[in-house]
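Undergrad: Structure of the sequence below:
(chains A, B and C)
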Amino acid sequence: MPELPEVESVRRQLAPELEGHAVVDVWWDPHPQQRFSAVDRVVGHVVHAVRRRGKYLLCDLREQAPGHGGDPIGTDRDEGPCCELVLHLGMTGSFRLLDPSGRPQDLVDGEDAEALVVDLGTYGRARFTLDDGRTLVFRDPRRFGRVTVVDAGDHAAIPTLAALGPEPLSDDFDPGAFATALARTGAPVKAALLGQRLVAGVGNIYADEALWRARIHPMSRRVGRDRARALHAAVREVLAESIEREGTTFRDYQMVNGQSGRNADFLDAYGQAGLPCRRCGTPMRGTVVAQRGTTYCPRCQRA
DNA sequence: CACGCCTCCTGTGCGC
DNA sequence: TGCGCACAGGAGGCGT
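TA: Prediction:
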């Protein structure tokens, strides 16, 4: 379940692989449920930068200068990007790179190159051929991912992106404003965290982690300013710590080089139902909040 | 408008 | 052993 730390870890690997390279060909799965649109617009454009906003990856694209290969960044005139490739990994999305001969560029220990190529043939939903012959494959077994190209900065066609709350690790994420917004919503605090409007990039794992750390019951509909500030700090901490460990691999998430994130061993709440609370030893309790599996400590996190 | 339920998808893991 | 079903969840859609 790629959330902000996982998407950021992917971005950090993807950026140096793509920036300065043009996309010369693209293919995508014509499955009717595939949430892809205008993907062919990417062809003939150079990836200028790979950015992240919440759980979205945004690739700034420039028109390829005629007669050139990939322009190194900054050698072009002062033109800004003309459009953006918007990528969302959904639940099971990931990227792998194939070299010009079609072999995986990176393999992790024990991984079989031929098996991976077969796997990418089965679950690869989009393929981007780069100007140096490599191919970026978007793998997404459950087809929850999204790929689209929009005019630069025009996010109106992606309402969740357009209405996204502040980046939690930036100064835009203000504790006072967060407390006010939390007080205004009538939803359970976990639903508010998952909604992407009060803060961007938090999903099911880090919602449970942050609420455990701030000692707030996930169903709570009244969170006072002090607790809201504690939650604000907890959200920042759990996300920053996971980024340092390159994200949480529970099942599907992996980075562009195939490696797993190392944060799974450090989870205090998510997936811990029945296990003793790491603070007080009380068995952690599983429940459902906002249609999502939720784990909390019934003693530390009182309603 | 905002909350909350339903749905999309498919691999996995469990129980019988 | 094999089958069938519940479950995982980000986010869009829609009903209240």
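
Undergrad: shaky segments in the stretch 1-150 of chain A?
TA: For the stretch 1-150 of chain A, applying pLDDT under 70 flags the ranges A:67-78.

Undergrad: Could you rerun that using 90?
TA: Residue ranges of the stretch 1-150 of chain A with pLDDT under 90: A:1, A:30-35, A:37-38, A:64-81, A:109-110.

Undergrad: Indicate the residue of it located nearest to DNA strand C.
TA: Residue of the stretch 1-150 of chain A nearest DNA strand C, by C-beta to the nearest atom of the strand: A:M1 (3.7 Å). Where C-beta positions appear, they are placed from N, C-alpha and C, glycine not excepted.

Undergrad: Tell me which helix or strand comes right after the longest helix seen in chain A.
TA: Secondary structure of chain A per DSSP state H: the longest helix is helix A:225-244. Counting by DSSP states H and E, the next helix or strand C-terminal to helix A:225-244 is strand A:285-289.

Undergrad: For A:A163, which non-adjacent residue is closest in space?
TA: For A:A163, ignoring the flanking residues on the chain, the nearest one in space by C-beta to C-beta, 6 or more residues apart in numbering is A:R197 at 5.8 Å.

Undergrad: So the one you found versus DNA strand B, what's the distance?
TA: Between A:R197 and DNA strand B the computed distance is 8 Å (C-beta to the nearest atom of the strand, to the nearest Å).

Undergrad: Equivalent analysis for A:R142, please.
TA: For A:R142, the distance to DNA strand B - C-beta to the nearest atom of the strand - is 4 Å.

Undergrad: Pretty sure that residue sits against A:Y123.
TA: No. Judged on C-beta atoms under 8 Å, A:R142 makes no contact with A:Y123 at a distance of 9.2 Å.

Undergrad: just to revisit the earlier point, so who does the residue of the stretch 1-150 of chain A closest to DNA strand C touch?
TA: By C-beta atoms under 8 Å, 6 or more residues apart in numbering, the contact list for A:M1 reads A:M91, A:G203, A:N204, A:I205, A:F250, A:D252, A:Y253.

Undergrad: Filtering those by proximity to DNA strand C, which remain?
TA: Taking C-beta under 7 Å from any atom of the strand as the test, DNA strand C is in contact with A:M91, A:G203, A:N204, A:I205 out of the contacts of A:M1.

Undergrad: Now do the phi/psi pair for the first one.
TA: A:M91 has phi and psi values of phi -90, psi -40 when expressed as degrees, to the nearest 10.

Undergrad: cool, the one 3 residues further on as well?
TA: Main-chain dihedrals, A:S94, degrees, to the nearest 10: phi -160, psi 170.

Undergrad: same deal with A:E114?
TA: A:E114 adopts backbone torsions of phi -70, psi -40, taken as degrees, to the nearest 10.
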